[in-house]
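**Q** What shape does this take:
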Amino acid sequence: MGISVWQLLIILLIVLLLFGTKRLRSVGRDLGGAMKGFREAVRDEDGDVASRDRVERSSSERVIEGKVESKEDEKA
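**A** This next block holds a predicted model:
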């Protein structure tokens, strides 16, 4: 019950006749630019998250040395 190849070709032909190739080319260029911008923003955000994770891991890996005393030692 899906759309066949012939139906898609007819729809494409009607769209070309309505809008023309020049307008469709500019719409495609605008859509491609928007997708490129979105990918760059996602990539930048992933880089920010990765650098924050490195900082958090390095700060949580600190070792504090000290002597452990029990409460029994304090009472005596």
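**Q** Run through the protein and note the low-pLDDT ranges.
**A** For the chain, the stretches with pLDDT under 70 are 1, 48-64, 71-76.
**Q** In it, which helix is the longest?
**A** Among the segments of the chain that qualify as a helix by DSSP state H, the longest is helix 5-60.
**Q** Count the neighbours of residue 19 for me.
**A** The local packing of residue 19 (other C-beta atoms under 10 Å) involves 13 other residues. Where C-beta positions appear, they are placed from N, C-alpha and C, glycine not excepted.
**Q** Now it. Nearest residue, chain neighbours left out?
**A** With C-beta to C-beta, 6 or more residues apart in numbering as the measure, residue 27 is the residue that lies nearest to residue 19, at 7.8 Å, once sequence neighbours are left out.
**Q** The one you found and residue 67: what is the separation?
**A** Distance of residue 27 to residue 67, given as C-beta to C-beta, to the nearest Å: 72 Å.
**Q** Looking at these two, which has the bigger crowd around it?
**A** Per other C-beta under 10 Å, whichever of residue 27 and residue 67 has more neighbours is residue 27, with 11 against 4.
**Q** how near is the more buried one to residue 7?
**A** Summarising the geometry, the distance separating residue 27 from residue 7, computed by C-beta to C-beta, is 22 Å.
**Q** what's the answer for residue 37, then?
**A** With C-beta to C-beta as the criterion, residue 37 and residue 7 are 33 Å apart.
**Q** Next: residue 36.
**A** 31 Å.
**Q** Kindly report the same for residue 44.
**A** Applying C-beta to C-beta, the value for residue 44 to residue 7 is 41 Å.
**Q** Check residue 28 too.
**A** Shown here: residue 28 relative to residue 7, a distance of 22 Å by C-beta to C-beta.
**Q** can you check residue 39 too?
**A** Computed as C-beta to C-beta, the residue 39 to residue 7 distance reads 32 Å.
**Q** Could you do residue 13 as well?
**A** Residue 13 is 11 Å from residue 7, by C-beta to C-beta.
**Q** same check, this time on residue 66
**A** Distance from residue 66 to residue 7, by C-beta to C-beta: 76 Å.
**Q** No further queries at this time; thank you.
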